[in-house]
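Q: Fold the following.
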Amino acid sequence: LVAAFGSIASTRSRLEELQSNYSQRLASLRDGLNQTLQRCGRPCDSVSLDGLAFSANFSMIPGVEQQLEALRDVSGSNIEADLE
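A: Numbers count the residues shown, from 1 in each chain. This next block holds a predicted model:
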């Protein structure tokens, strides 16, 4: 269980990092496309980039740090002696 929570925590962190990278790349791509559309002029006036978005939000994955700490506390305790 500790390994599973640890995996969730590290995966969440990695996904947030990737989300940031993709958002930056998408902004750069949008800027380049806008420049191209401006050079195109009137024939491209009806083109919109409003739908060009990265919609995943990995920060919504809940953190599991508290659960990990609780598991560490339980596994580090001498629960058998407490139950006797």
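Q: Now Thr11: which helix or strand?
A: helix 2-40 (DSSP states H and E).
Q: and the next helix or strand after that helix, which residues are buried?
A: For helix 2-40, the following helix or strand on the C-terminal side (DSSP H and E) is helix 65-76. By 16 or more other C-beta atoms under 10 Å, the buried positions in helix 65-76 come out as Gln67, Leu68, Leu71. (Each C-beta comes from the backbone N, C-alpha and C, glycine too.)
Q: now helix 65-76, how far from the centre of its chain.
A: Computed by C-alpha atoms, centre = their mean, to the nearest Å, the chain-centroid distance of helix 65-76 equals 24 Å.
Q: May I have that helix exported as CSV, CA atoms only?
A: Extracted in CSV, the C-alpha atoms of helix 65-76 (Å, rounded to 0.1, in the frame of the first residue of the first chain):
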residue,chain,number,x,y,z
GLU,A,65,1.1,12.7,1.4
GLN,A,66,-1.0,12.5,4.6
GLN,A,67,-2.0,8.9,3.9
LEU,A,68,1.7,8.1,3.3
GLU,A,69,2.7,9.7,6.6
ALA,A,70,-0.1,7.7,8.4
LEU,A,71,1.1,4.5,6.9
ARG,A,72,4.7,5.2,7.9
ASP,A,73,3.5,5.9,11.4
VAL,A,74,1.6,2.7,11.6
SER,A,75,4.3,0.6,10.1
GLY,A,76,6.9,2.2,12.4
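Q: Give the burial count for Leu26, as a bare number.
A: 13 (other C-beta atoms under 10 Å).
Q: next one: Ala9
A: 16.
Q: now do Phe5
A: Count around Phe5 with other C-beta under 10 Å applied: 19.
Q: quick one, what contacts it?
A: Val64, Gln67, Leu68, Leu71 (C-beta atoms under 8 Å, 6 or more residues apart in numbering).
Q: could you dump those residues to TSV with distance to Tyr22 and pLDDT?
A: Below are the contacts of Phe5 laid out as TSV (distance: C-beta to C-beta, whole Å; pLDDT from 0 to 100):
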residue	distance to Tyr22	pLDDT
Val64	24	73
Gln67	28	75
Leu68	27	76
Leu71	32	76
